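Visitor: Pasting the sequence and the predicted coordinates here, then a few questions.
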Amino acid sequence: MRKFLFIMLAFLFIFNFAYFCNFSPICASEPIYYRVISDNTVLYKTPVASEENSNVYFTLPNTYFVIYNSTFDETMINVTYKEFTGYVLIDNLQRVYSTPEHPFETNRTFSVQGIANLVIRSEPNTTSDYLGTIPFNAVDIEYFGQINGEQANSDLSDLWYFCRYKSFEQGIITGYVYAPLTQNLTPFSANVEEVLTEPNQSTNAGVIIAPELQTSTNILLILGLTIPALILLLLVFKPEKRKKKREASRQITSLNRLALPDKNDKNEFDF
């Protein structure tokens, strides 16, 4: 019996280990990618689909990719785009099972002409924190994305660019500039590379079988696998004290039996 319980415990341990490796991003040899399939896919700073200026980074470029980090709930996952980590609605993404060669949009820049000291702000509005300025005739300002914010001029749009400007005097500044005051944004070029949209035996991108499982489901599965293993562990490795106590009880019972006279024997004092 003890040997059987030990074998069952070993089996459950191996099964649990395999389960965690299949469902935990830590065990994945390569990152998991999702493709952006909507023009209005916002990268949120928090797991709330609110378009408040303080809650958005920018709109992700359609046809490009994000890296999966974790699942927040059935509607939203945590992802990374370039160096920015945030939350995206899962309905705006498509899981892929291969590694794209060009996952992120690159080499998009713009310039500033006709205006001196364009202000860079922490949010897409004129009341947010001042981070620095871009001087007159600056070129090759790194562009990450865009978002609708405050309409700073009633005759212009409400579009803002999320960008990075590097200068000797101010260092590296990352923030928002009012798009109508910029020029020469590099045209958008869609990512047309083909990727696998279904698992394929020739790729190990399917190491994580279902990262979209909800957290509650994962917890129930983990408990369902762990509790039987703990029960078997207790059964296999019972405390030695219990064993000794049982042995002592057996010895006492045996001694008592030896001390009692046989019911068929006559006592020498009986008349």
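Guide: Cool, the structure landed.
Visitor: From residue 132, how far out is residue 117?
Guide: As judged by C-beta to C-beta, to the nearest Å, residue 117 and residue 132 stand 9 Å apart. All C-beta atoms are positioned from the backbone trio N, CA, C, and that covers glycine.
Visitor: Specify which residue of the two has the higher count of neighbours.
Guide: residue 132 (18 against 12; other C-beta atoms under 10 Å).
Visitor: distance of the more buried one from residue 32?
Guide: The spacing between residue 132 and residue 32, counted by C-beta to C-beta, is 36 Å.
Visitor: Ramachandran coordinates for residue 90?
Guide: Here is the backbone geometry of residue 90 (degrees, to the nearest 10): phi -60, psi -30.
Visitor: give me every residue that touches it.
Guide: 74, 75, 76, 77, 212 (C-beta atoms under 8 Å, 6 or more residues apart in numbering).
Visitor: how about low-confidence regions in the chain?
Guide: 1-29, 201-226, 228-230, 232-271 (pLDDT under 70).
Visitor: Which strand or helix spans the residue nearest to residue 65 when sequence neighbours are not counted?
Guide: In space, and not counting its chain neighbours, residue 65 is closest to residue 103: 3.9 Å by C-beta to C-beta, 6 or more residues apart in numbering. Under the criterion of DSSP states H and E, residue 103 resides outside all helices and strands.
Visitor: Quick one: residues contacting residue 103.
Guide: 33, 64, 65, 66, 67 are the contacts of residue 103 under C-beta under 8 Å, 6+ apart.
Visitor: buried subset of those?
Guide: 33, 64, 65, 66, 67 (16 or more other C-beta atoms under 10 Å).
Visitor: domain assignment for this protein?
Guide: For the chain, automatic domain parsing gives the domain ranges 2-105+191-219, 109-181.
Visitor: Out of those domains, flag the one nearest residue 227.
Guide: Set against residue 227 and scored by C-beta to C-beta, the domains of the chain come closest in domain 2-105+191-219, at 10.0 Å.
Visitor: Give the other helices and strands that the one helix or strand residue 177 maps to contacts.
Guide: Applying DSSP H and E as the criterion places residue 177 in strand 171-178. Strand 171-178 is packed against strand 118-121, strand 130-134, strand 159-167, with contacts defined by 3 or more C-beta pairs under 8 Å, 6 or more residues apart in numbering; DSSP states H and E.
Visitor: circling back: closest to residue 153 among the buried ones among the contacts of residue 103?
Guide: residue 64 (30.4 Å).
Visitor: I'd assumed residue 34 was in contact with the closest one.
Guide: No. Using C-beta atoms under 8 Å, residue 64 is not in contact with residue 34, being 10.2 Å away.
Visitor: Which residues are in contact with the residue nearest to residue 174 when sequence neighbours are not counted?
Guide: The shortest distance from residue 174 to any non-neighbouring residue, by C-beta to C-beta, 6+ apart, is to residue 164 (4.6 Å). Counting by C-beta under 8 Å, 6+ apart, residue 164 makes contact with 141, 142, 144, 172, 173, 174.
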